[in-house]
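J.: Provide a 3D model corresponding to the input given below.
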Amino acid sequence: MRRIIIFCFLIITSGSVLAQSVDCSTITQKAIESARKVCAKIGNNQACYGNANVEIKPRSNVRLAFSKAGDVAPLASLETITTSPFDTKSKTWGLALLNMRADLLDGNLTALVFGQASIGNGSEARMISSRWK
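T.: Numbering: from 1, shown residues only. Just a heads-up that it's a prediction; the model follows:
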């Protein structure tokens, strides 16, 4: 009898874990698709506010509007980008899309920052004129 109760408990709890992982997968896919749409025109060396709860720390003497989905900022103007962890009530988390110049064949690296994460800019590069891009 005890084995049956334990077996039933395992089935019930594994079903709820499976439902949570499917739900998480669905939420993740929706957030990434949403970010892809609002950040479709992101340029080289830019960061895009992809989903709720992204905070930035701009370099000194820099003012940026980076508070809603689709806002874009030059990477050279940022010190840090911090995304929030998953919020179970609103079913969202911070998500930022970065498009960086890199020494790759295609020349760019696209990175997705999400969840409870923070990325710092260790580069000494400053913002450059658009004619030099």
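
J.: going forward, measure contacts between C-alpha atoms and count neighbours the same way
T.: OK.

J.: report the contact partners of residue 81.
T.: Shown in contact with residue 81 (C-alpha atoms under 8 Å, 6 or more residues apart in numbering): 54, 55, 56, 57, 118, 119, 120.

J.: and the fifth one, that one's in a strand?
T.: Spelled out, it's residue 118. Yes - per DSSP: H, G, I helix; E, B strand; the rest coil, residue 118 lies within a strand segment.

J.: look up the closest residue to it, ignoring the ones flanking it.
T.: residue 82 (4.2 Å; C-alpha to C-alpha, 6 or more residues apart in numbering).

J.: next up, phi/psi of residue 115, please.
T.: Residue 115 adopts backbone torsions of phi 80, psi -160, taken as degrees, to the nearest 10.

J.: that one: what's it in contact with?
T.: Residue 115 makes contact with 83, 84, 85, 86, 93, 94, 95 under the criterion C-alpha under 8 Å, 6+ apart.

J.: next: residue 43.
T.: Residues near residue 43 by C-alpha under 8 Å, 6+ apart: residue 99.

J.: is it true that it lies in a helix?
T.: No - using three-state DSSP, the secondary structure at residue 43 is coil, not a helix.

J.: any regions of this protein where pLDDT drops low?
T.: 1-22, 106, 125-133 (pLDDT under 70).

J.: do a quick rundown of the helices in it.
T.: With DSSP state H, the ranges of helices along the chain come out as 2-38.

J.: centroid-nearest residue for it?
T.: residue 95 (2.3 Å; C-alpha atoms, centre = their mean).

J.: could you check how far it is from residue 87?
T.: 12 Å (C-alpha to C-alpha, to the nearest Å).

J.: mutual contacts of these two, please.
T.: By C-alpha under 8 Å, 6+ apart, no residue touches both residue 95 and residue 87.
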